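>>> Model the structure of this input:
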Amino acid sequence: MSKRIYISGPMTGIDRHNFPAFHAAARRMRAVGWRVVNPAENFGGRTDLPREVYMRVDVALLALCDAIALLPGWQDSRGARAEYLLAREMGLEVRDAVTLRRMAEVPEATVQIAAADEPVLAEAQRLTGGARQSSYGHPREDFARTALMWTGILRGKLRPGEAVAPGDVPLCMIAVKLARQTHQHKRDNLVDIAGYARTAAMVAGDE
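Modelled structure (predicted):
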């Protein structure tokens, strides 16, 4: 019987919730015989449920697996760090979700999940730098790709010759987070708003 592997990685604050990276990893793993648990396939792809709903299901599925595969940027995700910690405590093997190779050197199981008193701005700064930027490029480049896609989607609604600019992307994402925050308070919304504000400054060259 083939072994079961769980894909773990960052989602919050990433274009399309990083689903393309999850799906690509799932295809690679299934091609070599793994039975894959892909969180991006759960809940019919919905992304509007409370965080705790996803975590309860993900943890239950992780417990049924033989291994965990880590996507780039997992260190910057509270959820992925929690999943990694649990996987280590349960004795699961750890693999790189891109190369599929077993990771010989990985952080100890004492890896910090999140500081309960970490300020919103400090968390936003941490999430918008480090491994995430190395994985997805500078926000100017990342948002330029997104802007091209949005321009194509909105082509029929834009004036002739107009296009979505990279600097428009973080501002629109702030609006999305504000809309969610007015519906229900979630600390993650505030972190994301601060994070997108920082990336807007980075696109403008102010940071």
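>>> Could you look up the SS state of the most far-flung residue of the chain relative to its centre?
Largest separation from the mean C-alpha position in the chain: residue 160, at 34.4 Å (Cα atoms, centre = their mean). Secondary structure, DSSP: H, G, I helix; E, B strand; the rest coil: residue 160 is coil.
>>> what's the closest non-adjacent residue to residue 74?
Once flanking residues are discounted, residue 74 sits nearest to residue 80: 4.0 Å by Cβ to Cβ, 6 or more residues apart in numbering. Using the backbone N, CA and C atoms, a C-beta is placed for each residue, glycine as well.
>>> next structured bit after the worst-scoring helix or strand of the chain on mean pLDDT?
When the helices and strands of the chain are scored by mean pLDDT, DSSP states H and E, helix 131-136 comes last with a mean of 63. Remark: after helix 131-136, the chain's next helix or strand is helix 139-153, criterion DSSP states H and E.
>>> so where's this structure uncertain?
1, 106-118, 130-135 (pLDDT under 70).
>>> Quick check, central residue of it?
The geometric centre of the chain, computed from its C-alpha atoms, lies nearest to residue 11 (Cα atoms, centre = their mean), at 1.9 Å.
>>> dump the residue contacts of that residue.
For residue 11, the residues meeting the contact criterion (Cβ atoms under 8 Å, 6 or more residues apart in numbering) are 17-19, 39-40, 47, 77, 79.
>>> likewise residue 36?
Residue 36 sits next to 4-5, 7, 26, 29-30 when contact means Cβ under 8 Å, 6+ apart.
>>> Residue 18 and residue 12, how far apart?
To residue 12, residue 18 is 9 Å away according to Cβ to Cβ, to the nearest Å.
>>> All set now, cheers.
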